[in-house]
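Chemist: Build me a model from this:
(3 chains)
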Amino acid sequence: MNASDLAIDVKNLVTHYGTRKILDGISFQARQGEIMVIMGGSGSGKSTLLRHLLGLHQPTSGSISLLGKDITQLSADAMYDLRKNMGVAFQGGALFNSMTVGENVELPLREHTRLDENTMRIMSRMKLEVVHLAGFENLMPSELSGGMIKRAALARAIVMDPRLLFFDEPSAGLDPVVSAELDELILILRDAMNMTIVVVTHELESAFKIADRITVLDQGRILMSDTVAAVRASDNERIQSLLNRTPRNEAINPDEYMERLTREIF
Amino acid sequence: MPDPLTSFVALVGQRSLQAVREVGYHAALLVEAFYWLLFGRWRRQPVRLSAVFKEAVGVGVNAIPIVALASFAVGMMLAIQGIYTLRTFGAEGQVVLGISLSVTREFAPLITGIFVAGRSGSAIAARIGTMQISQEIDALRVIGINPVRYLVAPLLAAMLLTLPALTILSDLIALFGGALYCAGELSLPMGIFFDRSFEVLVADDVIHGVLKSFIFAVIITLIGTANGFNVSAGAEGVGQATTRSVVLGCIGIILADMVFTFLMSR
Amino acid sequence: MDIKIEDWPPFKIVRLCGDVDLHSSPRAREAILDCLKLKAPLLVELSAVSYMDSSGVASLVEGYQTAKKQGLEFGLVAVAQSAMNVLKLARLDKVFPIHASIEERLESA
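Modeler: Numbering: from 1, shown residues only, chains lettered A, B, ... in the order given. Predicted coordinates for the structure are as follows:
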């Protein structure tokens, strides 16, 4: 794999929250035009990993290269320029409630470009067409349903035609039909724009449908980062239990267990 | 089990540390907000005039009725109390001096500050707190919009513009309230009241009050925004932040008023 | 990005070459709208476009709409694959009149 083809290159990422270690030695890569799904249960550290990929936190150690630039070392100005090539759709949409849907989608254009007003209008409406929200630009976010909010957030994320798209839990809280539509949309976007797309999810079905490669996180470590077929075929116990949705069954240490139950009782 | 004294000392220590940290956070916020106001243009992130005007309407223009009503009542109350007190010395005629000085130097800025803190301090904290938990602040950052530049700087500018203006308005309306009562009680024509009032007042008195209002503007903005940004846990957190910003805002204003008056009157 | 303007009576041709992106698309937009002011039917030739983003497509949309209002013909010619992908994404490939070449359009007249 040539280093210049790598859209994302994370090396040895270690992060802490207070004194607690959240991510421990995370390394993985994604190529341009690839759909990388980051999977893991709750508490696996996948949300933290996403926040670091977005440059919202400074890691304890390790490096994160996006489009060939190490964002842990980047100056504020260089990061500002890099952000033009990054789009993010947050789990809850994170649309600005004081603005209409159309103004939300146009905001990145207004901040980053000096395009003509008409051009910006047409661009934002084109993106709303892509996510099947044509004609909704004058509504307020509070007037939209959950699935519509996610699609509007996706429209805002892709309005600048970014090379990197991050999508946090696209199917969380949506009915199966709507979430299948979103999966379809992700595939179409990649094919049309050759975007590198990182999807964070705990939904297996959707992960297997859209992923080129899957990174499985568990308790702050990477269990596996490989193709869909390899992940399916893995004989790792934790991965299998994730795939088969079996609850974790850890061995019980009777003494420790009793200690936990009776601690601070006198 | 730690003994009560040690845990008390530990608590005091933790609280002090937290307080110092909080003051530091406010100071950093202030410096950053001024930085964006002054240099944002050169960092390709100007503070937009339209945003300043929008905030100015919200925190200033819309506060006119309530500030006017309160100022009128305070002016009248000062006249009632002044005449009552001065009558003991048979010096009712001096009431104009008392009202004029206490209104311009003390009551107008204080009343304006406290009402704006109650009205807007809570609204600011609630707005930013809600944006924090719905990831809108994160969304701003990933779009490349500095939240301090976008949310705090225009607000600070609007407060610094409108609070002194409101204070001068409050000066006039409180004097009007006082004049009205004097006209009834002492049969002192309003024209004469204002003539005498402007005779005793020197520019310094009004400036003294207006200077205070600049300090109050900074206090209200910082406490409101800082409490908003520090919301972490859900709707309950937003509620706490709004209460906290009103209480701390009012306390901050009164303490700052005391210190400022002490320093300026020496 | 380079813009060449040619006369193929009765058509005006705007030839876009290179990257039509956020920086260059305002010039493409201006060229298209200026040509339409001459009240001539317009073809935009895109065979040498290496990359076109949605700001470029938005300029084409605006040009098409302006031409329609004036009753002028507006068409795209020899759309390069990368530009075609972006058009298809917004289903605009079904909206614009698209011709394989300038000659083809002239012969069919």
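Chemist: what's around residue 132, how many residues?
Modeler: You didn't say which chain, so I picked chain A. By the measure other Cβ atoms under 10 Å in any protein chain shown, the count of residues near residue A:132 is 13. All C-beta spots, glycine's among them, are computed from the backbone N, C-alpha and C.
Chemist: That was the other one, I meant chain B.
Modeler: Each residue near residue B:132 was counted by other Cβ under 10 Å, and the total is 20.
Chemist: Within the helices and strands, which one has residue C:3?
Modeler: Residue C:3 is located in strand C:2-8, with elements delineated by DSSP states H and E.
Chemist: what pairs with that strand, and is each one parallel or antiparallel?
Modeler: Next to strand C:2-8 in the sheet, as set by DSSP bridges, lie strand C:11-20 (antiparallel).
Chemist: wait, doesn't residue B:154 sit right on residue B:47?
Modeler: Yes: between residue B:154 and residue B:47 there is a contact at 5.6 Å, judged by Cβ atoms under 8 Å.
Chemist: The two: which is more packed in?
Modeler: Ranked by neighbour count (other Cβ under 10 Å), residue B:154 and residue B:47 place residue B:154 first, with 23 against 20.
Chemist: And residue B:213, its phi and psi?
Modeler: Main-chain dihedrals, residue B:213, degrees, to the nearest 10: phi -60, psi -30.
Chemist: following the lengthiest helix in chain A, which helix or strand comes up?
Modeler: Looking across chain A with DSSP state H, the single longest helix is helix A:176-193. Next helix or strand after helix A:176-193 toward the C-terminus (DSSP H and E): strand A:196-201.
Chemist: Tell me the buried residues in that next one?
Modeler: Judged by neighbour count (16 or more other Cβ atoms under 10 Å in any protein chain shown), strand A:196-201 contains these buried residues: A:196-201.
Chemist: Which member of those is positioned nearest chain C?
Modeler: residue A:197 (14.2 Å; Cβ to the nearest Cβ).
Chemist: Distance check, the closest one against residue A:44.
Modeler: Using Cβ to Cβ, to the nearest Å, we find residue A:197 at a distance of 20 Å from residue A:44.
Chemist: sorry, back to before: got the CA coordinates for the longest helix of chain A in CSV?
Modeler: Below are the C-alpha coordinates for helix A:176-193, written out as CSV (Å, rounded to 0.1, in the frame of the first residue of the first chain):
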residue,chain,number,x,y,z
PRO,A,176,-35.0,-0.6,8.9
VAL,A,177,-36.3,0.9,5.7
VAL,A,178,-34.9,4.4,6.3
SER,A,179,-31.6,3.0,7.5
ALA,A,180,-31.3,0.8,4.4
GLU,A,181,-31.8,3.9,2.3
LEU,A,182,-29.0,5.7,4.1
ASP,A,183,-26.7,2.7,3.5
GLU,A,184,-27.6,2.9,-0.2
LEU,A,185,-26.8,6.6,-0.2
ILE,A,186,-23.4,6.1,1.4
LEU,A,187,-22.5,3.6,-1.4
ILE,A,188,-23.8,6.0,-4.1
LEU,A,189,-21.7,8.8,-2.7
ARG,A,190,-18.6,6.8,-2.7
ASP,A,191,-19.1,5.6,-6.2
ALA,A,192,-19.9,9.1,-7.6
MET,A,193,-17.3,11.2,-5.8
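Chemist: Any chance you could list what contacts that helix?
Modeler: Residues outside helix A:176-193 that contact it (Cβ atoms under 8 Å, 6 or more residues apart in numbering or on different chains) are A:33, A:35, A:130-132, A:147, A:150-151, A:154, A:158, A:161, A:165, A:167, A:170-171, A:174, A:195, A:197, A:199, A:203, A:206, A:209-210, C:85-86, C:88-89.
Chemist: Which of the residues you listed fall in helices?
Modeler: Secondary structure defined by DSSP H assigns A:130, A:147, A:150-151, A:154, A:158, A:206, A:209-210, C:85-86, C:88-89 of these to helices.
Chemist: So which of the residues you listed is surrounded by the most neighbours?
Modeler: Neighbour counts for those, by other Cβ under 10 Å, peak at residue A:150, which reaches 30 neighbours.
Chemist: Hmm, residue A:93 and that residue touching each other?
Modeler: Yes: under the criterion of Cβ under 8 Å, residue A:150 is in contact with residue A:93, at a separation of 5.7 Å.
Chemist: Out of the helices and strands in chain C, which is least certain?
Modeler: Of all helical and strand segments in chain C, the minimum by mean pLDDT, DSSP states H and E falls on helix C:102-107, at a mean of 81.
Chemist: List the buried residues in that helix.
Modeler: So, applying 16+ other Cβ under 10 Å, buried residues of helix C:102-107: C:102, C:105.
Chemist: Chain A: strands as residue ranges?
Modeler: Assigned by DSSP state E, chain A shows strands spanning A:6-17, A:20-31, A:35-39, A:61-66, A:69-70, A:86-89, A:164-168, A:196-201, A:213-218, A:221-227.
Chemist: contact partners of stretch B:79-88?
Modeler: With Cβ under 8 Å, 6+ apart as the criterion, stretch B:79-88 contacts B:92, B:94-95, B:98-99, B:177-179, B:181-182, B:185-186.
Chemist: Mind checking which of these land in helices?
Modeler: Using DSSP H, B:95, B:98-99, B:177-179, B:181-182, B:185 are the members of the contacts of stretch B:79-88 that sit in helices.
Chemist: Quick check: the gap between residue C:25 and residue A:127.
Modeler: Residue C:25 is 15 Å from residue A:127, by Cβ to Cβ.
Chemist: Which strand residues bridge residue A:168?
Modeler: residue A:200.
Chemist: where in chain C is pLDDT low?
Modeler: For chain C, the stretches with pLDDT under 70 are C:109.
Chemist: Contact residues of chain B facing chain A?
Modeler: B:43-45, B:130-131, B:134-136, B:138-139, B:141-145 (Cβ under 8 Å from any Cβ of the partner chain).
Chemist: check contacts around the closest residue to residue C:67 other than its chain neighbours.
Modeler: Of all residues not flanking residue C:67 in the chain, residue C:74 sits nearest, at 3.6 Å (Cβ to Cβ, 6 or more residues apart in numbering or on different chains). Neighbouring residues of residue C:74 by Cβ under 8 Å, 6+ apart: C:36, C:41-44, C:63-64, C:67-68, C:96-97.
Chemist: Can you turn the buried part of these into a ChimeraX selection?
Modeler: Entered in ChimeraX, the line below selects the buried ones among the contacts of residue C:74, by 16+ other Cβ under 10 Å:
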select /C:36,41,42,43,44,63,64,67,96
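Chemist: Please flag which of the contacts of residue C:74 sit within strands.
Modeler: Counted as lying in strands by DSSP E, out of those, are C:42-44.
Chemist: Nearest to chain B, out of those: which one, please.
Modeler: Of those, the one sitting nearest to chain B (Cβ to the nearest Cβ) turns out to be residue C:44, at 31.4 Å.
Chemist: Quick check: beta-bridge partners of the closest one?
Modeler: Assessed by DSSP bridges, residue C:44 has beta-bridge partners residue C:14, residue C:76.
Chemist: Distance check, it against residue B:214.
Modeler: Going from residue C:44 to residue B:214 by Cβ to Cβ gives 57 Å.
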